[in-house]
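S.K.: Here is a sequence with its predicted model. Questions after.
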Amino acid sequence: MSWRGLFGGRRPVIACIHLPPLPGSPRYGGKIGRVYEAALGEAEIYRRAGVDGLLVENFGDRPFFPDRVPPETTASMAAVTREVVRAAAGLPVGVNVLRNDAPAALAVATAAAAHFIRVNVHLGAAVGDPGILEGRAHETLRRRSSLKSPVLILADLRVKHAAPLVARGLAAEARELAERGLADALIVTGERTGEAADPEALQTARENCRLPVLVGSGLTPENLAQFYAAARGFIVGSFFKKGGRAENRVEEGRVRAFLRRRAELEGR
């Protein structure tokens, strides 16, 4: 599997499915059926509106573990993701096990027949709200090989809600994610959920690796043009929700407005 094999030559819009709290998390309400309903409801809205891919995240599980999640989280993610893959009707589906459990994400994606994972810290280390987040590229890549898994790895470059333990510059970090981390694509973001990325960070990443580079936060129809030429794809969550807030419900009109703007930029 390759990026082009998965998405072709276009710049995909990948929509986030922010799962409600899962079993074991502090705010779980005790009814797993509601998790399925929420996930499949969002998947249907996104599919109907015409997005190019979906990304399933355990967004409601705050506060997050800094590394390994418990078995109930992995099991819940696998079960829900499989249902999303079925409902997606051929759309590529990804998995992000927050805050940074790449091995669990890989296991979930492989078992659910999903197509890619997002890894917040793939190499090095960062400090975020859960504590220290450590990259496990050595483990993730070896596990992918042993599982004979075709799942792609999309790695964040300076992930939001965190700061590198030792900053070595975006250029060096982009090169190492590509050359030593063997990532399949990179993601640039703003500092927080819903905050726009820096167009200069996107350009730096593009200039220092040959991988596809995506923009992964803060995108709106109004700022999409700033990133369109340099980015190879877009991960959108907050804008698609009521009022542009990640914790709210998806509004189909906002999804369609963003996709109309993408179509305008494609055709100009």
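M.R.: Okay, I see it.

S.K.: Can you pull up the most central residue in the protein?
M.R.: By C-alpha atoms, centre = their mean, the mean C-alpha position of the chain lies nearest to Arg118, the distance being 4.6 Å.

S.K.: Specify the beta-bridge partners of that residue.
M.R.: Taking DSSP bridges as the rule, Arg118 bridges to Leu154.

S.K.: Tell me who's in contact with Glu207.
M.R.: Ala171 (C-beta atoms under 8 Å, 6 or more residues apart in numbering). To be clear about C-beta, it is placed using only N, CA and C from the backbone, and glycine gets the same treatment.

S.K.: what sits against the residue nearest to the centre of the chain?
M.R.: Leu55, Glu57, Gly94, Val95, Asn96, Ala105, Leu154, Ala155, Asp156, Ile187, Gly216, Ile235.

S.K.: Apply the buried test to those and list what passes.
M.R.: Leu55, Glu57, Gly94, Val95, Asn96, Ala105, Leu154, Ala155, Asp156, Ile187, Gly216, Ile235 (16 or more other C-beta atoms under 10 Å).

S.K.: now His161, nearest residue through space, not along the chain?
M.R.: Gly128 (5.3 Å; C-beta to C-beta, 6 or more residues apart in numbering).

S.K.: do Trp3 as well
M.R.: Pro212 (4.9 Å).

S.K.: thinking again about what came up before, now, the buried ones among the contacts of Arg118 that are in strands?
M.R.: Leu55, Glu57, Gly94, Val95, Asn96, Leu154, Ala155, Asp156, Ile187, Ile235 (DSSP state E).

S.K.: just curious, which of those residues is nearest to Leu19?
M.R.: Glu57 (6.5 Å; C-beta to C-beta).

S.K.: contacting residues for the nearest residue to the closest one once chain neighbours are set aside?
M.R.: Leaving aside its chain neighbours, Glu57 sits nearest to Asn96 (4.5 Å; criterion: C-beta to C-beta, 6+ apart). Contact partners of Asn96, counting by C-beta under 8 Å, 6+ apart, are Leu55, Val56, Glu57, Asn58, Ala105, Ile117, Arg118, Val119, Asn120.

S.K.: Great, nothing more from me.
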